[in-house]
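# Just a sequence and a predicted model for now, questions to come.
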Amino acid sequence: MRDVPAPLAAMLESGVTTLCHGWRITRRDGLVQGFTDHDRDLVVAALIFRAGAGISGSENALAQGLGVTGLEVSGALSDVSLTEADLAAGHYDGAALDLLLIDWAHPENYLLLRRGTIGEVRREGGAFVAELRGAADALNQTRGRVLGASCDADFGDARCGLDLTHPGRRAVTTIAAVEGDLALVLAGLGGTADGVFTDGRLTFTTGANAGFSTEVKMPRPLRQCRQFSRLPPHAGQ
């Protein structure tokens, strides 16, 4: 049986309805954020739960056994709390999320209702919808090594064995142009043999994507961008 703190239990028994929900998100980079469906900000356990994002949750369904249950959290994207850039960069993928029941008249009285991780995140316009996955979802995740036709090692790690500091496997370049959503024109790689960086990794070092890495799929020969050769390397490596 769930233990309800005595002050909160007394408030519930009195019939007073000064309750709201709070969502505490702990991202994988360590950043902790709080949001609430109340109409003003609240301070709970020394963390500010912000009301400006308009966060709300779907029906919270729980079931006995190991069945995977979940709920959805939706809200608006704002510069103060949540940004579309952070969602697109994957900062909230796999983040821990705690659902709290809070007495907004006395925020020190709260109860942890549920704990899980953020799964799929959908963005549409200026809003987002995030799926909260329960603890049982971890039982559906693949653990250990998976043997298959393709290599399961992370590129450049100890099992991979490739020395990424070798000059022939590493290059610093500059983004000359963007072609669509999935193609970049890079300057300064005119002398590189075709296919050298296939299945490699592109890491951004400056700009809005600084620190973000992505896999190189199928590089194709492009015109040499000599007009960009004097730009300092800053885009990625």
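On my side now, so go ahead.
# residues contacting residue 121?
87, 92, 93, 128, 129, 130, 131 (Cβ atoms under 8 Å, 6 or more residues apart in numbering). Using the backbone N, CA and C atoms, a C-beta is placed for each residue, glycine as well.
# Of all the residues you listed, the one with the weakest confidence?
Within the contacts of residue 121, residue 128 has the lowest pLDDT, namely 75.
# In a helix, that residue, correct?
No - residue state for residue 128 (DSSP: H, G, I helix; E, B strand; the rest coil) corresponds to strand; a helix is not indicated.
# ok, back up a step: which one of the contacts of residue 121 has the most neighbours?
Highest neighbour count within the contacts of residue 121: residue 130, with 25 neighbours (other Cβ atoms under 10 Å).
# how's this protein carved up into domains?
With automatic domain parsing as the criterion, the domains of the chain are listed as 6-140, 167-228.
# separation between the residue nearest the centre of the chain and residue 51?
What sits nearest the mean C-alpha location of the chain, by Cα atoms, centre = their mean, is residue 92, with 2.0 Å. The gap separating residue 92 from residue 51 is 19 Å, by Cβ to Cβ, to the nearest Å.
# same thing with residue 178?
For residue 178, the distance to residue 51 - Cβ to Cβ - is 37 Å.
# Which one of the two is surrounded by more residues?
Neighbours per residue (other Cβ under 10 Å) separate residue 178 from residue 51, with residue 51 holding more: 19 against 10.
# so that one sits right up against residue 38, yeah?
Yes - the criterion here is Cβ atoms under 8 Å, and residue 51 meets it with residue 38 at 5.4 Å.
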